[in-house]
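J.: Fold the following and give me the result.
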Amino acid sequence: MMKEGFIYVDKAAKIKLYNKRAKEIFRIDKSMGTGHPQGAIKKGDLVIIGDNCLGKDDGGLKPESLSKIGIFDKTIRPTDVLMAVGTFEDGSIKPVYRHYHQGEDFLPSVSLQTEILGFPVSVQIGSDSITISFGGESFVMSYINSIGHLVIIDRSTFKVKFYQTDGYTARSEDLLYVLNGKHYRAKGPTVDALDIINQDISSIHKEGAAIQELCNVARGGSSTYKDQFSEINGIPTLCSVFPVDIRGKRDGAVLKIEDISSLQKVIQQRNDALTYIEEMKELVHDKVLDEEGMTIIKGESPAMKNVKKLACKASRSNSTVLLLGESGTGKSHLAETIHGSSTKKDQPFIHVNCGAMPESLLESELFGYEKGSFTGANSEGKAGLFEKARGGTIFLDEIGDISLAAQVKLLGVLQNKTFFKLGGTTSITADVRIIAATNKNLEEEIKNERFREDLFYRLNVFPIWMPPLRERKEDICCLCDEILSQICEKLQCGEKFVSPGAQRLLIGYHWPGNVRELENTLERAANMADGRIITEHHLPERITSHQGKIRQTVWKSFQEYTEEAEKRAILETLAYYNNDKKRAMQALKMGKTNFYQKIKKYNL
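T.: Okay, here's the model as predicted:
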């Protein structure tokens, strides 16, 4: 009637009492499945193995032990996940198998499907069970941490002569023991329950911390072993050991067991739920990007998703933003998007092209001037662009082109948040958010003494790198659709489309002018095309001739192209998720083993 398992051994470690609950915990209360007679494996028998951790809970199976079924693969390592089909000590049939090295994270479901001698065979390893199927019959083994599952088919009759079931350790039917030719017991509803009374405890339960303590106390040792976690026969339990003394002499010891495997499953479900919540957070985050106006930034490549994420954060902040990237990548468009998604969206957005403004006018244009401050000045004075942008955003485009003298004055604004008009004596508060952009490498400019280091650090508070178009070619098709739609509306020429052939040319081109060059190319093509379809003939020669040069080069093998694409995909996804391998693996929908093999293969 006890809810706990109860095992009593004498001082010789022989089992004297083993209650019903203990048998239920260790799955030895009755035989399971359709059944089979007792016997042993024979030469030529068909062997099917599913093992989620080679060497653990399978009797100590080693890679070299697989030679018994014709597998001589030195790349198979202990702890590998293994699925194999072969014949016992008979090389007439070539074995079929798959193995995966264990990685750092959870391994998704893997499977092996094959056909042997006309019979379908399947092995599937999931997160908590292994299923072996043969000829329409399936054998399932559940596990907590690890297990070695085995099915043997009689070669002469093609009937199942052995299958692994719960309690296999207590019956001494570990995978390796059976492969070593040892006799296995009969199974089935009509078979008597396993008789374990008077057997040595170590023959039923392999020695672990709790079993060792039980034997030690039974022989006369003292015990402090209470409510300790111990894994017995692969089942997580909470154990306590108590001495049994009769008339002052040690007669044996009792092991009380509570099954906590269900608790571990709850913990696993909790962890799965947390993983699911993280995935939902990503989806919600993407939806937030949509709702906060970031869909106006076109592109779904990992690099552009990262830009959108940073832009979304920048729009919620009042910090200075520095947009970096080559000319034509869309920095101005990004600056407007950040402002348009911010709390300042109803306030002014002032775009200043610093590179196009003469140095002599830059200071007066930015900060304004008082009347009569210099010859030719407006008699009423003038408000500067900083003053006009008050409460909103000022976008300083091509900031890397301004002179050192102008840099000093701009630094003063960033440091003090105030400025003076030319000829003025009253300081004006710079109540404005600054977004700056440049296509230059400012760190190189600092080394060459063309840009002030202190100004760079004031600007580089929230940097965002806009990738060149050649590094996100997967975005070209969606950019073409968006840009061409706007061009056709502007030209009022009706809807037009880019042909597949023209798309291939556009994707193959290197785009030194980036998105701006793509816009100009599409506008020219829209004007050139009389019908609705833009073909290769409507594209400029620099693009069509570039494709011709590609055709004249030596082609790589398909395998090399595939490997380059795999490497780029993994690198970009890792960069997007800040080197979080688990999230990158989930985003790429890759299995753990395959993911880590690729990382090792490409030396990432």
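
J.: okay, and for the stretch 351-500 of the chain, where does confidence drop off?
T.: Within the stretch 351-500 of the chain, the set of residues satisfying pLDDT under 70 comprises 372-379.

J.: If you could redo that for the stretch 151-300 of the chain, that was the one I meant.
T.: Scanning the stretch 151-300 of the chain for pLDDT under 70 picks out 207, 262-266, 268-269, 279, 281-296.

J.: Do a quick rundown of the strands in the stretch 401-550 of the chain.
T.: For the stretch 401-550 of the chain, applying DSSP state E, counting those that start in this stretch gives strands covering 418-419, 428-429, 433-438, 462-465, 497-498, 533-534.

J.: what sits up against the second one?
T.: With Cβ atoms under 8 Å, 6 or more residues apart in numbering as the contact definition, strand 428-429 has outside contacts at 386-387, 417-421. Using the backbone N, CA and C atoms, a C-beta is placed for each residue, glycine as well.

J.: I'd like the distance from that strand to the chain centre, please.
T.: In terms of Cα atoms, centre = their mean, to the nearest Å, the centre of strand 428-429 is set 49 Å apart from its chain centre.

J.: Within the sheet, what are the partner strands of it, with directions?
T.: The partner list of strand 428-429 in its sheet, established with DSSP bridges, is strand 418-419 (antiparallel).

J.: ok, the closest residue to Leu61 other than its chain neighbours - contacts?
T.: Nearest residue to Leu61 in three dimensions, chain neighbours excluded: Leu176, at 4.6 Å (Cβ to Cβ, 6 or more residues apart in numbering). Leu176 makes contacts with 58-61, 65, 148, as judged by Cβ under 8 Å, 6+ apart.

J.: any idea of the pLDDT on Pro63?
T.: At Pro63, the predicted lDDT confidence score is 93.

J.: Surely it and Ile76 touch.
T.: Yes - here Pro63 lies in contact with Ile76, judged by Cβ atoms under 8 Å, at a distance of 4.3 Å.

J.: which neighbours do those two share?
T.: Taking Cβ under 8 Å, 6+ apart as the contact criterion, the residues that touch both Pro63 and Ile76 are Leu54.

J.: hmm, back to that, just give me the closest of the contacts of strand 428-429 to Ile196.
T.: Proximity of those to Ile196 was ranked by Cβ to Cβ; the top entry is Lys417 with 82.6 Å.

J.: ok, the closest one - how many residues close by?
T.: Counted with other Cβ atoms under 10 Å, residues neighbouring Lys417 total 12.

J.: which residues touch the residue nearest to it when sequence neighbours are not counted?
T.: The spatially closest residue to Lys417, leaving aside those adjacent along the chain, is Ala430, at 5.1 Å (Cβ to Cβ, 6+ apart). If you count contacts by Cβ under 8 Å, 6+ apart, Ala430 has them with 386, 413, 417-419.

J.: ok, now Glu517?
T.: Going by Cβ under 8 Å, 6+ apart, Glu517 touches 328, 469, 511.

J.: and what of Cys477?
T.: Cys477 is in contact with 503, 507, counting by Cβ under 8 Å, 6+ apart.

J.: how close does it sit to Lys298?
T.: Computed as Cβ to Cβ, to the nearest Å, the Cys477 to Lys298 distance reads 10 Å.

J.: Can you tell me which of the contacts of strand 428-429 is closest to Tyr276?
T.: Each of the contacts of strand 428-429 was scored against Tyr276 by Cβ to Cβ, and Lys417 proved nearest at 45.8 Å.

J.: Can you report how many residues lie near Asp174?
T.: 21.

J.: Assess the claim that it and Gly148 are in contact.
T.: Yes - the pair Asp174 / Gly148 is scored as a contact, 6.9 Å apart, by Cβ under 8 Å.

J.: which residues do the two both contact?
T.: By the contact definition Cβ under 8 Å, 6+ apart, Asp174 and Gly148 are jointly contacted by 57-59.

J.: How about Ile211: what's its closest non-neighbour residue?
T.: His205 (5.1 Å).

J.: who touches that neighbour in this structure?
T.: 26, 169-170, 211, 232-233.

J.: what's the answer for Val85, then?
T.: Under the criterion of Cβ under 8 Å, 6+ apart, the neighbours of Val85 are 46-49, 95-97, 112, 114, 116, 121, 123.

J.: same thing but 6 Å
T.: 48, 96, 114, 116, 121 (Cβ atoms under 6 Å, 6 or more residues apart in numbering).

J.: Which one of the residues you listed is nearest to Ala13?
T.: Top of the list for closeness to Ala13, among those and by Cβ to Cβ, is Ile48 at 36.0 Å.

J.: Show me the beta-bridge partners of the residue lying closest to that closest one once chain neighbours are set aside.
T.: Counting by Cβ to Cβ, 6+ apart, the nearest residue to Ile48 once its immediate chain neighbours are dropped is Val151, at 4.5 Å. In this entry, Val151 is beta-bridged to Ile48, Tyr163, by DSSP bridges.

J.: so what's Val151 up against?
T.: Under the criterion of Cβ under 6 Å, 6+ apart, the contact list for Val151 reads 48, 132, 139, 163.

J.: which residues does Lys11 contact?
T.: Contacts for Lys11 (Cβ under 6 Å, 6+ apart) come out as 218-219, 250, 252.

J.: Can you add secondary structure, neighbour count and distance to Pro302 and give these back as TSV?
T.: TSV is the format used below for the contacts of Lys11 (DSSP: H, G, I helix; E, B strand; the rest coil; neighbours: other Cβ atoms under 10 Å; distance: Cβ to Cβ, whole Å):
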residue	secondary structure	neighbour count	distance to Pro302
Ala218	helix	26	62
Arg219	coil	15	63
Arg250	strand	16	68
Gly252	strand	22	65
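
J.: In these, find the pair that's most separated.
T.: Arg219 and Gly252 (9.1 Å).
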